[in-house]
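Trainee: structure for the following, please:
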Amino acid sequence: MSQLELIPTAAPATDAVEQPRPGSRADRMRKPLAKDALKQLAEQHGVCVRPLALRRTDTATGVTEVVEVPCGATLAAKCKPCAERGRRLRIQQIREGWHLADEPTIRPDKPGEDALALVRVRAHLEFEREAVQYQPMTPDERVAHLAEIDAAIAELDEALGETSLRGHLTPKDRDERPRRKRSTRRRQDSPDLPRLPVDPRTVGRAYSGKTGKTHRPSMLVTLTLGSHGAVHSHLRRGPYIAPCACGQRHGPNDDVLGTPVDPQAYDYRRAALDAIHFARVLDRWWQNVRRAAGWNVQYAGAVELQRRLAPHAHFAIRGTLPRRLLKQIAAATYHQVWWPSFSEPVYSVDKPPVWDVDRQEYVDPKTREPLPTWGEALDALEEPDSRPAYVARLGRIDARGIEQGTKDAERSIRYVTKYVTKDLTDQARPRSDAQKAHFDRLHAELAVLPCSPTCANWLLYRVQPDGVKPGLTPGRCTGKVHQRSTLGFTGRRVLVSRQWSGKTLADHRADNRAWVRAIVAGGMADTEEHDQAAADEADGPNRYRFELARPEDPDVPPLEHRLLRAISARIRWRADLETARQRTAGAVSATDRPAALAA
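Mentor: The predicted model follows:
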């Protein structure tokens, strides 16, 4: 026998997967976990996987019991059923307000005489407080007199809070510092915009077709920041894939998508600053839209990240506007950041200014000279030739019309709410080394830029932050701007104007409960459960008192037991609801079913 015959050879590959030995560790690890099966079943039936246990006490009978409420998480990573329930509510909210034919405004009631009397007394107290400043008295007497008036004002404000008035008469905090005023003159490098008187209407125009049908179209608008440098992209134009800026054609799942073609030439600083101030740019955009359009334009949308890690927004707009006007508004929209200059850092992160205990301020580590305070740095901006530290602008805009009741309308609503249940960076999470390097480079730039007047990074630019205190560490600011889960954007993810549908999410939840009660009341009108529910509702919301129960309390069952009972209750509830709906199909139309209850 030759030596070649003694060398072991690999066994021929087979298509069948080799099964582990029964009873081995590999065989045990392949079996699904019982807790994972319980969580999956709860998610299938829409049961919250992190319910809060509350102890409810009936003030009428004295009976105490433990009840559960959903956690109400908005991210699927925390609780998928609650996040999906919130997304369906957003879909319902956008659908109900997108193509309204009537104004959703609610006329407020006139204040009563008791409220007007309290406001009259409050006016006299405010007059007396101002008059004390001009009366001849010693400083101690003036301080004592002001303290008495402030105490009376605080007591009167509490009385006003118990009335039917909405809001506050005056700001909560009395700021005696003079307000800084900035010029509202438009920049010379930005195009002018038409400025019309804003009509209070919120409903767009309606058009009559040849057949007499009334059309009330609306729009879907996407707002994108400008380019910070060429990036690898996948551009499909019909069946044809256009070449990227690098000259190649990339697939939809290419590992270099969203990364710069030339990382050295990519402007990471401007990309980071645009992300920080993107929320302010959006506010300025809607202000310009209403001024240029001449009516109170309403919107509902969400903000998400592109593959290049820049935020952009999708908005549903009620009514239509000319595309030329929208592009003109986008080109003329900007936000000026009137902060002290932070173009180049003066100190490094490893050698920042130090805190002087005696002076109670930060000083230079070498010369021991104090750094300019925040107020002194703002005073320097009062000069006529002062310029803003940064100017954030919008980039490209994409707008298209949407007709009511079409498949495009429903598809657009789900497109706007596609990522509201995910974290901002989930859909743009890096997968390849090039994408991770791009992510880390942008986050490193955000780590040393100032996010607010109180940011610790101002010390790197030789300015003491507003409200300075010891313990500030540049490069480790705790603001959300510097977190990897936000990448600079800290505004609201979902933006809905006040007069979109005339309802909040709580109102939509109440509508859903009313629909369920109407269905169940028709199918259970002769049962004891219906009578008990009607009695509880008649007693009002003050009948029960709630407090948070601890998981270690003896009357709180384990989470697994509560989830099993909740799953069974949800299955029975859906069966009862479907039976009641079939019985009352004539009284309550199935087409009136809220979208949040469709799943």
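
Trainee: I figured L38 hits L563, correct?
Mentor: Yes: with contacts defined as CB atoms under 8 Å, L38 counts as touching L563 at a distance of 5.9 Å. In short, each C-beta sits where N, CA and C put it, glycine included.

Trainee: out of these two, which sits in the more crowded spot?
Mentor: Between L38 and L563, counted using other CB atoms under 10 Å, L563 has the larger neighbour count: 22 against 17.

Trainee: element containing that one?
Mentor: Secondary structure assigned from DSSP states H and E places L563 in helix 559-583.

Trainee: may I have stretch 249-260 exported as PDB, CA atoms only?
Mentor: Provided in PDB are the C-alpha atoms of stretch 249-260 (Å, rounded to 0.1, in the frame of the first residue of the first chain):
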ATOM      1  CA  ARG A 249     -23.200  50.400 -12.000                       C
ATOM      2  CA  HIS A 250     -24.000  49.200  -8.500                       C
ATOM      3  CA  GLY A 251     -26.600  46.700  -7.400                       C
ATOM      4  CA  PRO A 252     -29.400  47.500  -4.900                       C
ATOM      5  CA  ASN A 253     -27.400  45.700  -2.100                       C
ATOM      6  CA  ASP A 254     -23.900  46.800  -3.000                       C
ATOM      7  CA  ASP A 255     -21.600  47.200   0.000                       C
ATOM      8  CA  VAL A 256     -20.400  50.700  -1.000                       C
ATOM      9  CA  LEU A 257     -23.800  52.300  -1.400                       C
ATOM     10  CA  GLY A 258     -24.100  55.600   0.500                       C
ATOM     11  CA  THR A 259     -20.300  55.900   1.000                       C
ATOM     12  CA  PRO A 260     -18.300  58.800  -0.500                       C
END
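
Trainee: in that stretch, which residues are buried?
Mentor: Of the residues in stretch 249-260, those with enough neighbours to count as buried (16 or more other CB atoms under 10 Å) are H250, D254, V256, L257, G258, T259, P260.

Trainee: got those residues as JSON lines, with distance to P22 columns?
Mentor: Conversion of the buried residues of stretch 249-260 to JSON lines gives the following (distance: CB to CB, whole Å):
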{"residue": "H250", "distance to P22": "47"}
{"residue": "D254", "distance to P22": "43"}
{"residue": "V256", "distance to P22": "46"}
{"residue": "L257", "distance to P22": "45"}
{"residue": "G258", "distance to P22": "47"}
{"residue": "T259", "distance to P22": "48"}
{"residue": "P260", "distance to P22": "53"}
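
Trainee: nearest to R290, of these?
Mentor: R290 lies nearest to G258 out of the buried residues of stretch 249-260, by CB to CB, at 33.7 Å.

Trainee: so that closest one belongs to a helix, correct?
Mentor: No: applying DSSP: H, G, I helix; E, B strand; the rest coil, one finds G258 to be coil, outside a helix.

Trainee: nearest residue to it other than its sequence neighbours?
Mentor: Closest residue in space to G258, ignoring its immediate chain neighbours: R307 at 3.2 Å, by CB to CB, 6 or more residues apart in numbering.

Trainee: where does the stretch 51-200 of the chain dip in pLDDT?
Mentor: Segments of the stretch 51-200 of the chain classed as low confidence (criterion: pLDDT under 70) are 175-181, 183-184.

Trainee: can you do 80?
Mentor: 105-106, 169-186, 188-189 (pLDDT under 80).

Trainee: what's the answer for the stretch 451-599 of the chain, then?
Mentor: Using pLDDT under 80, the flagged stretches of the stretch 451-599 of the chain are 515-542, 583-599.

Trainee: hey, where'd the strands end up in it?
Mentor: Counting by DSSP state E, counting those that start in this stretch, the stretch 451-599 of the chain forms strands over residues 494-496, 544-548, given from the N-terminal end onward.

Trainee: show me the one of the ones you listed that comes nearest Y299.
Mentor: For the strands of the stretch 451-599 of the chain, distance to Y299 was read as CB to CB. The smallest value, 7.0 Å, belongs to strand 494-496.

Trainee: other residues contacting that closest one?
Mentor: Contacts with strand 494-496, where a contact means CB atoms under 8 Å, 6 or more residues apart in numbering, come from R90, Q93, I94, L282, Y299, A300, G301, A302, V303, A313, F315, V420.

Trainee: the fourth one contacts A313, doesn't it?
Mentor: Yes: L282 is in contact with A313 according to CB under 8 Å; the separation is 6.2 Å.

Trainee: might you report the residue contacts of the closest residue to H277 other than its chain neighbours?
Mentor: Distance criterion CB to CB, 6+ apart; nearest residue to H277, sequence neighbours excluded, is A392 at 4.2 Å. Applying CB under 8 Å, 6+ apart, we find A392 in contact with L273, D274, H277, F278, R280, V281, Y334, H335, V337.

Trainee: drop anything exposed from those.
Mentor: Among the contacts of A392, the ones that count as buried by 16+ other CB under 10 Å are L273, D274, H277, F278, V281, Y334, H335.

Trainee: and what about the residue nearest to G258, helix, strand or coil?
Mentor: For R307, the assignment made with three-state DSSP gives coil.

Trainee: so it versus A447, what's the distance?
Mentor: Taking CB to CB, to the nearest Å as the measure, R307 and A447 are separated by 22 Å.

Trainee: Q435 now?
Mentor: Q435 is 19 Å from A447, where distance means CB to CB.

Trainee: cool, Q582 as well?
Mentor: When Q582 is compared with A447 (using CB to CB), they lie 59 Å apart.

Trainee: those two - which one has more neighbours?
Mentor: Looking at Q582 and A447 with other CB under 10 Å, you find the greater number of neighbours at A447, namely 18 against 11.

Trainee: H482 is in contact with the more buried one, correct?
Mentor: Yes: the pair formed by A447 and H482 meets the contact definition of CB under 8 Å, at 5.4 Å.

Trainee: you'd agree D109 is in a helix?
Mentor: No: assignment of D109 by three-state DSSP gives coil, placing it outside any helix.

Trainee: grab the nearest non-local neighbour of it.
Mentor: Here the residue nearest D109, using CB to CB, 6+ apart, is S164, at 7.6 Å.

Trainee: check which helix or strand the one you found maps to.
Mentor: Using DSSP H and E, no helix or strand contains S164.

Trainee: enumerate every residue touching it.
Mentor: Contact analysis of S164 by CB under 8 Å, 6+ apart lists D109, P111, G112, A115.

Trainee: ok, L548 next?
Mentor: L52, A53, L54, R55.

Trainee: gap between it and E68?
Mentor: Using CB to CB, which is the criterion applied here, L548 is 12 Å from E68.

Trainee: overlap in contacts of these two?
Mentor: Between them, L548 and E68 share the neighbouring residues L52, A53, L54, with contact defined by CB under 8 Å, 6+ apart.

Trainee: nearest to D173, of these?
Mentor: For those, the residue nearest D173 by CB to CB is L52; the value is 33.2 Å.

Trainee: what about the closest one, how many residues nearby?
Mentor: Using other CB under 10 Å, L52 is surrounded by 13 other residues.

Trainee: identify the bridge partners of it.
Mentor: Partner residues in beta bridges with L52: V69, with DSSP bridges as the criterion.

Trainee: what's the spacing between it and F546?
Mentor: Between L52 and F546 the computed distance is 10 Å (CB to CB).

Trainee: so what's K35 up against?
Mentor: The contact partners of K35, taken as CB under 8 Å, 6+ apart, are E560.

Trainee: what about it, which helix or strand?
Mentor: Assigned by DSSP H and E, K35 belongs to helix 34-44.

Trainee: angle of that helix against helix 559-583?
Mentor: Here the directions of helix 34-44 and helix 559-583 differ by 30 degrees (axes from the mean of the first three to the mean of the last three CA atoms, to 10 degrees).
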